[in-house]
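**Student:** Quick one: sequence plus predicted model below, questions after.
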Amino acid sequence: VSTENCAFCEIVAGRSPDTLIHREGDVVAFMDAYPATTGHLLVVPMNHAVGLTDLDEEVGARVWRLAHRMGRAVLRSSLGAEGVNVHLCDGEVAGQSVLHVHLHVIPRYKGDSLVVRGAKGRAQPDRVELEETAAILRSALEGSTDS
Ligand SMILES: [Zn+2]
């Protein structure tokens with residue numbers, strides 16, 4: 001996937017309608033056109049990256065910083081949200097629909113109908129299994145940074 005025909009690159013370039021909230025350097029926050037709750041917004045890097053694999057770590061830190069700030073703004077605002085979900089989907093299997101990395105900032109309201117839940121019927125792993133999985137992740141961590 002390139003920047004051509006990328007819905008978020010089109011928004012960032014001003015070629016597609018959007019409701020911009022805030023721009024900070026190379027990171028922007030705009031309203032999600034299909035909000036899960038009122039105030040649902042997205043934070044994206046202006047330069048195209050698909051997901052965690054090709055996103056520069058420093059850019060990712062800036063994306064998080066603006067999402068953090070937007071989450072605070074949500075809670076401080078008059079929207080009436082009492083909580084926030086910050087959510088990233090990487091890969092189709094994870095529910096990523098636009099292949100340009102984005103953090104969802106989703107205001108939560110008492111009684112809203114949004115459901116975020118754990119996998120059905122997943123048994124709690126024992127300590128041995130957790131250790132084995134941790135070892136796999138530890139070895140994958142080596143060489144996974146940008147620099
Ligand atoms: Zn893009």
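**Tutor:** Received, thanks.
**Student:** For V86, grab the count of nearby residues.
**Tutor:** Close neighbours of V86, defined as other C-beta atoms under 10 Å, add up to 14. Placement of C-beta: from N, CA and C, glycine included.
**Student:** brain fart, G51
**Tutor:** When neighbours are counted by other C-beta under 10 Å, G51 registers 16.
**Student:** Now do the contacts for the residue nearest in space to the middle of the chain.
**Tutor:** Note on the chain: the residue nearest the mean C-alpha position is L103, at 1.9 Å, using C-alpha atoms, centre = their mean. Contacts for L103 (C-beta atoms under 8 Å, 6 or more residues apart in numbering) come out as L42, V43, V44, V63, W64, A67, V86, H87, L88.
**Student:** any idea of the mean pLDDT in stretch 13-31?
**Tutor:** Average pLDDT, stretch 13-31: 92.
**Student:** With the ion in mind, check whether it reaches it.
**Tutor:** No. Using C-beta under 5 Å from the ion, stretch 13-31 stays clear of the ion, coming no nearer than 9.3 Å.
**Student:** send the alpha carbons of that stretch over as PDB?
**Tutor:** Once non-C-alpha atoms are left out, stretch 13-31 reads as follows in PDB (Å, rounded to 0.1, in the frame of the first residue of the first chain):
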ATOM      1  CA  ALA A  13      -3.000  16.400   2.200                       C
ATOM      2  CA  GLY A  14      -6.300  18.300   2.400                       C
ATOM      3  CA  ARG A  15      -7.600  16.500  -0.700                       C
ATOM      4  CA  SER A  16     -10.400  14.800   1.200                       C
ATOM      5  CA  PRO A  17     -13.000  16.300   3.600                       C
ATOM      6  CA  ASP A  18     -12.300  15.900   7.300                       C
ATOM      7  CA  THR A  19     -12.800  17.700  10.600                       C
ATOM      8  CA  LEU A  20      -9.400  18.600  11.800                       C
ATOM      9  CA  ILE A  21      -9.100  19.100  15.600                       C
ATOM     10  CA  HIS A  22      -5.400  19.800  16.000                       C
ATOM     11  CA  ARG A  23      -2.100  19.500  14.200                       C
ATOM     12  CA  GLU A  24       1.200  19.300  16.000                       C
ATOM     13  CA  GLY A  25       4.300  19.100  13.800                       C
ATOM     14  CA  ASP A  26       3.900  15.900  11.700                       C
ATOM     15  CA  VAL A  27       1.000  14.500  13.700                       C
ATOM     16  CA  VAL A  28      -2.700  15.300  13.300                       C
ATOM     17  CA  ALA A  29      -5.900  14.600  15.200                       C
ATOM     18  CA  PHE A  30      -9.200  14.600  13.300                       C
ATOM     19  CA  MET A  31     -12.700  13.300  14.000                       C
END
